[in-house]
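J.: Structure, please.
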Amino acid sequence: MIRAFKEDTLSKKKVATKENYDMMYHIFVNCKLTATKAADYRYKCSRNDIEYDMNIIDHWYNESLQVLKRRKEIKRQSRRDKHRT
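T.: Below is the predicted model:
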């Protein structure tokens with residue numbers, strides 16, 4: 001009886017579809033996220049009602065952090081160049 005109640009009332013996690021992964025790929029790789037936003041999306045993927053393969057999500061998350069790091073380096077370099085001339 002208790003088992004039947006739990007199965008009926010508790011939400012079940014759905015397996016992520018290709019569309020879900022495509023959306024998350026777009027968010028992590030194509031959007032210009034801040035480190036905070038990227039971490040927030042990663043957290044939501046691990047806690048949402050859709051079950052993602054976190055190895056894939058972590059790869060995209062790390063890729064987005066690398067892009068952010070490169071952008072900061074480019075900004076610093078351009079500021080240094082402006083001050084030198």
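J.: Please count neighbours and contacts with C-alpha atoms only from this point.
T.: Fine.
J.: residue contacts, residue 57?
T.: Shown in contact with residue 57 (C-alpha atoms under 8 Å, 6 or more residues apart in numbering): 24, 42, 45.
J.: Pull out the buried positions in the helix or strand hosting the last one.
T.: If you go by DSSP states H and E, residue 45 is part of helix 35-47. If you call a residue buried by 16 or more other C-alpha atoms under 10 Å, then helix 35-47 has these buried ones: 38, 39, 41, 42, 45.
J.: Next: stretch 67-85.
T.: Burial within stretch 67-85, assessed by neighbour count using 16+ other C-alpha under 10 Å, is assigned to residue 68.
J.: quick one: average pLDDT of it?
T.: Throughout stretch 67-85, pLDDT has a mean value of 85.
J.: The longest helix along the chain to helix 35-47, inter-axis angle?
T.: Longest helix in the chain, counting residues (DSSP state H): helix 54-84. For helix 54-84 against helix 35-47, the angle by axes from the mean of the first three to the mean of the last three C-alpha atoms, to 10 degrees is 180 degrees.
J.: for residue 46, what are its contacts?
T.: For residue 46, the contacting residues are 52, 54, by C-alpha under 8 Å, 6+ apart.
J.: Counting neighbours, what do you get for residue 15?
T.: Applying other C-alpha atoms under 10 Å, we find 12 residues neighbouring residue 15.
J.: if I look at it, how far off is residue 79?
T.: 46 Å (C-alpha to C-alpha, to the nearest Å).
J.: Just the terminal-to-terminal distance for stretch 23-32.
T.: One end of stretch 23-32 sits 14 Å from the other (C-alpha to C-alpha).
J.: Could you give me the buried positions within that stretch?
T.: So stretch 23-32, judged by 16+ other C-alpha under 10 Å, has buried residues 24, 25, 27, 28, 29.
J.: any low-confidence regions in this structure?
T.: Within the chain, the stretches with pLDDT under 70 are 1-11, 85.
J.: so how many other residues sit close to residue 14?
T.: Residues within reach of residue 14, counting by other C-alpha under 10 Å, total 11.
J.: Quickly note the distance from it to residue 78.
T.: With distances taken as C-alpha to C-alpha, residue 14 is found 46 Å from residue 78.
J.: and if you look at residue 45?
T.: Distance of residue 45 to residue 78, computed by C-alpha to C-alpha: 35 Å.
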